[in-house]
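J.: sequence plus the predicted model coming up.
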Amino acid sequence: MTNGLDDILKSRKDEHIYIVLENNVETKRSTWLENIILIHKSLPEIDLSAIDLRATLFGREFSAPVLIEAMTGGTELGARINKNLASVAQEYNIPMGLGSQRAGLRNKDTTWTYRIARETAPDAFLIGNIGAPQLRELRPRDIDELVSMIEADALAIHLNALQEVVQWEGDTNYSGVLSKIREITDYLDIPVLIKETGAGISKETARSVIEAGVRGIDVAGVGGTSWSAVEYYRAIRRNHEGKSNLGKLYWDWGIPTAASILEVKTAVHQSGVRERVYIIGSGGIRTGLDAAKSIVLGADFIGMAKPFLKPAIEGVKAIKKFLDLFLDELKTALFLTGSKNISELRSSEFVILSPLKDWIEQRKLII
Ligand SMILES: Cc1cc2nc3c(=O)[nH]c(=O)nc-3n(C[C@H](O)[C@H](O)[C@H](O)COP(=O)(O)O)c2cc1C
């Protein structure tokens, strides 16, 4: 059975995809990764062909530290995207996030558009997804359903306060979310992670979600897709002047990705929790060099959404072409820093320039 909200949810998902494909929805501010200079090693003393990109996330080993970030589901186009991405996640042994499963929970006719990822990728590490404002309406059996829909290996809860406030029909009640996160981490056996959607996570927010039991934080900082921009375009189409003005004003709002990785790293170091908390660097990661810098700063993994979108619609070949180039770029950074593997890259030397340097000082962050 469908009703008005289900129709909105369905058409909104595809509208988001078309807006991202057809407009410039990236922030005008950068990730600040350009303020990290990796120190070049003229004598790397390693063989490029022997470089090993394997990395661990939530205790599982992957062939490279690259996560396909949450994007879609709920529509036929979403199903096609999920199927193609899942096929690459399976072949390359990299993890993949599904888009918000809210539509799948509300309308059973759409669950196949998520499930197709599991059918295509029986062995892949798949991450379920639900929005923070929707947590209030979830009952335990809905949480079970989120997981069973795709046989999820982890569940991501996305924080998108910026998007909801600019969205003309957004859900702006964020009260009580933290205690719901706590309930879900207590309830589930699989790891729960928190992800932003392009505005970055501060050390204060990171600390509170770590205390609530999350095992991973995906920073999704400023420098890539701006959800204020996406909702700006939706407001323009509807002549919604208030929301389009708001979207323009807050286009670049948030914490740049490089700063957010350090914010979260500081919170993880200071938290004193026994269980490992993984950090995913995302938001505007566009090259393998961005990935290398994020890892040097403290990310265990990096994630990308928008760069996968167009190739995912084109097909598996296009996704593989993009990914192969990206992994070559990452390997090049390892080679030029004399790092045989990801853990050696993590201890490479680097210099931090202002304004990131000023941010670190004012916010008393750990490098
Ligand atoms: C078309 C599209 C749809 C998205 N849908 C979701 C979603 O359903 N759930 C979610 O957590 N994030 C969603 N995101 C946000 C991404 O997962 C990611 O955090 C954000 O786009 C920043 O990464 P990027 O700069 O590499 O695109 C979406 C992103 C795009 C481009």
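T.: On my side now, so go ahead.
J.: residue of the stretch 201-350 of the chain nearest the ligand, please.
T.: residue 224 (2.0 Å; C-beta to the nearest ligand atom). Glycine gets a C-beta too; all of them are placed from N, C-alpha and C.
J.: quick one, helices of the stretch 51-200 of the chain?
T.: Assigned by DSSP state H, counting those that start in this stretch, the stretch 51-200 of the chain shows helices spanning 76-92, 102-106, 112-120, 140-150, 161-166, 177-187.
J.: quick one: which of those is nearest residue 213?
T.: helix 177-187 (3.2 Å; C-beta to C-beta).
J.: so the closest one versus helix 140-150, what angle?
T.: 70 degrees (axes from the mean of the first three to the mean of the last three C-alpha atoms, to 10 degrees).
J.: what sits up against helix 177-187?
T.: Helix 177-187 is touched from outside by 132-133, 135-136, 138, 140, 143, 155, 157, 192, 194, 208-209, 212-215, with contacts defined as C-beta atoms under 8 Å, 6 or more residues apart in numbering.
J.: around the ligand, pick out the residues from this structure.
T.: Neighbours of the ligand within the chain, by C-beta under 6 Å from any ligand atom: 16-17, 20, 69-72, 99-100, 129, 158, 195, 197-198, 220, 224-225, 282-285, 304-306, 309.
J.: go again using 5 Å as the cut-off
T.: 17, 20, 69-71, 99-100, 129, 158, 197-198, 220, 224-225, 283-284, 304-306 (C-beta under 5 Å from any ligand atom).
J.: sort out for me which of those residues are in strands.
T.: Counted as lying in strands by DSSP state E, out of these, are 129, 158, 304.
J.: which one of those residues is nearest residue 237?
T.: Once C-beta to C-beta is applied, the member of those that ends up nearest residue 237 is residue 158, at 23.6 Å.
J.: can I assume the closest one is in contact with residue 196?
T.: Yes: contact criterion C-beta atoms under 8 Å: residue 158 and residue 196 qualify, at 7.3 Å.
J.: does the spatially most distant residue from the centre of the chain belong to a helix, a strand or coil?
T.: Most distant from the centre of the chain: residue 43, at 35.2 Å, with distances by C-alpha atoms, centre = their mean. Put simply, residue 43 is coil when judged by DSSP: H, G, I helix; E, B strand; the rest coil.
J.: the nearest residue to it once chain neighbours are set aside - how many residues pack around it?
T.: Excluding its sequence neighbours, the residue lying closest to residue 43 (C-beta to C-beta, 6 or more residues apart in numbering) is residue 338, at 7.5 Å. Using other C-beta atoms under 10 Å, residue 338 has 18 neighbouring residues.
J.: swap in residue 241?
T.: Neighbours around residue 241, by other C-beta under 10 Å: 10.
J.: distance check, it against residue 247.
T.: 11 Å (C-beta to C-beta, to the nearest Å).
J.: same thing with residue 350?
T.: Per C-beta to C-beta, residue 350 is found 35 Å from residue 247.
J.: so where do the helices sit in the stretch 201-350 of the chain?
T.: Using DSSP H, counting those that start in this stretch, helices in the stretch 201-350 of the chain cover 203-211, 227-237, 241-249, 257-271, 288-297, 306-314, 316-336, 342-346.
J.: now those in JSON lines, with mean pLDDT?
T.: Conversion of these to JSON lines gives the following (pLDDT from 0 to 100):
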{"stretch": "helix 203-211", "mean pLDDT": "98"}
{"stretch": "helix 227-237", "mean pLDDT": "96"}
{"stretch": "helix 241-249", "mean pLDDT": "96"}
{"stretch": "helix 257-271", "mean pLDDT": "98"}
{"stretch": "helix 288-297", "mean pLDDT": "98"}
{"stretch": "helix 306-314", "mean pLDDT": "98"}
{"stretch": "helix 316-336", "mean pLDDT": "98"}
{"stretch": "helix 342-346", "mean pLDDT": "98"}
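J.: you'd agree residue 192 is up against residue 215?
T.: Yes: counting by C-beta under 8 Å, residue 215 is a contact partner of residue 192 at 6.4 Å.
J.: find the residue at the geometric middle of the chain.
T.: Short answer for the chain (C-alpha atoms, centre = their mean): residue 69, at 4.6 Å.
J.: distance of that one relative to residue 258?
T.: Taking C-beta to C-beta as the measure, residue 69 and residue 258 are separated by 17 Å.
J.: quick one on the thing from earlier: quick one: the helices of the stretch 201-350 of the chain as TSV, columns for distance to residue 29 too.
T.: As requested, these are exported to TSV (distance: least, C-beta to C-beta, whole Å):
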stretch	distance to residue 29
helix 203-211	19
helix 227-237	12
helix 241-249	14
helix 257-271	10
helix 288-297	15
helix 306-314	16
helix 316-336	23
helix 342-346	26
